[in-house]
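**Q** what's the 3D shape of this:
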Amino acid sequence: MTPAHATTVVAVQRGGTVAVAGDGQVTVGDIVMKARASKVRRLFHGQVVCGFAGAVADALTLFDKFEQHLDKHQGNLVRAAIGLSKEWRTDKYLRRLEAMLIVADANRILLLSGDGEVIEPDDGDGVVAIGSGGPYAHAAAAALLQSTDLGAEDIARRALLIAARLCIYTNDNITVETLELAAPAPAAPVTA
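**A** Here you go, the predicted model:
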C-alpha cells in the first residue's frame with residue numbers, strides 16, 4: 001500500500017508574530033483519504049509550533065523525536081533542531097523517513113529535512129514552505145509580505161488558499177497557529 005502523504009505547510013514571520021499554517025488534505029496515491037487533518041501543532045508548553053509535510057506516520061515519528069530534543073534542550077529551538085537533524089541523518093531507521101518539518105518559536109523559523117539540513121530563511125524573507133504546494137505557498141506569501149501590510153496569520157492563510165487553487169494535493173481546510181514575541185517589560189521608574 002502507498003503511504004499516506006500530507007502537504008502543504010507555510011510559515012510566515014512579520015512584526016513580532018510567527019504564523020505556521022497547514023492545509024488539511026491527506027492523500028494515498030491519488031485518493032483523498034482525509035480532508036481535515038491537522039498538520040500543525042504546538043509543542044513544549046505552547047512555545048514552539050511545528051508543521052509537517054510528507055508521509056504521515058514518518059512525520060508523527062519526527063514530531064515525537066523533535067519534542068524529545070526540545071525537552072532535552074529546555075525549549076531551545078536551534079539546539080533541538082540540530083539535535084534532531086544529527087539523529088535523523090545518522091540513525092539507520094530515521095534516515096528512511098519521508099517527511100519534512102517546519103519548526104518555529106516566536107523568534108525564528110527553521111526548516112528541517114532528512115538530509116541533516118537546518119535552514120533558516122534569509123533576513124527579510126520571513127517565509128518557509130514545504131510540501132507539494134510549498135512553492136506556490138512560498139511565492140504567494142513572499143508577494144503578500146512585499147506588497148501588503150497584512151499580518152503574519154492573514155498572509156499564511158491567504159498563501160495556503162492560493163496554493164490550494166493550484167496544487168491538487170492541497171485543500172482549503174486550513175489550520176493556523178501563531179506565536180507572538182513577548183513585549184519587553186516596562187522599565188522601572190527612576191526615583192531620586
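**Q** partners of the residue nearest the centre of the chain in the sheet?
**A** Closest to where the C-alpha atoms of the chain average out (Cα atoms, centre = their mean) is Ile102, at 3.1 Å. Ile102 has these beta-bridge partners by DSSP bridges: Gly51, Leu111.
**Q** which residues sit in contact with it?
**A** Residues near Ile102 by Cβ atoms under 8 Å, 6 or more residues apart in numbering: 9-11, 20, 50-52, 109-112, 128-130. Every residue, glycine included, has its C-beta placed from N, CA and C.
**Q** Run through the residues that contact Arg117.
**A** Heads up, residue 117 is Glu, not Arg. Here Glu117 is in contact with Ser85, Leu111 (Cβ under 8 Å, 6+ apart).
**Q** phi, psi of it?
**A** phi -90, psi 140 (degrees, to the nearest 10).
**Q** rewinding a little: out of the contacts of Ile102, grab the one that's most surrounded.
**A** The most crowded member of the contacts of Ile102, judged by other Cβ atoms under 10 Å, is Val10 (35 neighbours).
**Q** helix, strand or coil for it?
**A** strand (DSSP: H, G, I helix; E, B strand; the rest coil).
**Q** Enumerate the helices of this structure by residue range, in sequence order.
**A** Counting by DSSP state H, the chain has helices at residues 56-72, 77-90, 134-147, 152-166.
**Q** so which of those helices is the most packed in?
**A** Comparing these by mean neighbour count (mean count of other Cβ atoms under 10 Å), helix 152-166 ranks first with a mean of 22.
**Q** ok, Ala35 - contacts?
**A** Gly24, Gln25, Asn171, Asn173 are the contacts of Ala35 under Cβ under 8 Å, 6+ apart.
**Q** buried set for stretch 113-128?
**A** Ser113, Gly114, Val118, Pro121, Asp125, Gly126, Val127, Val128 (16 or more other Cβ atoms under 10 Å).
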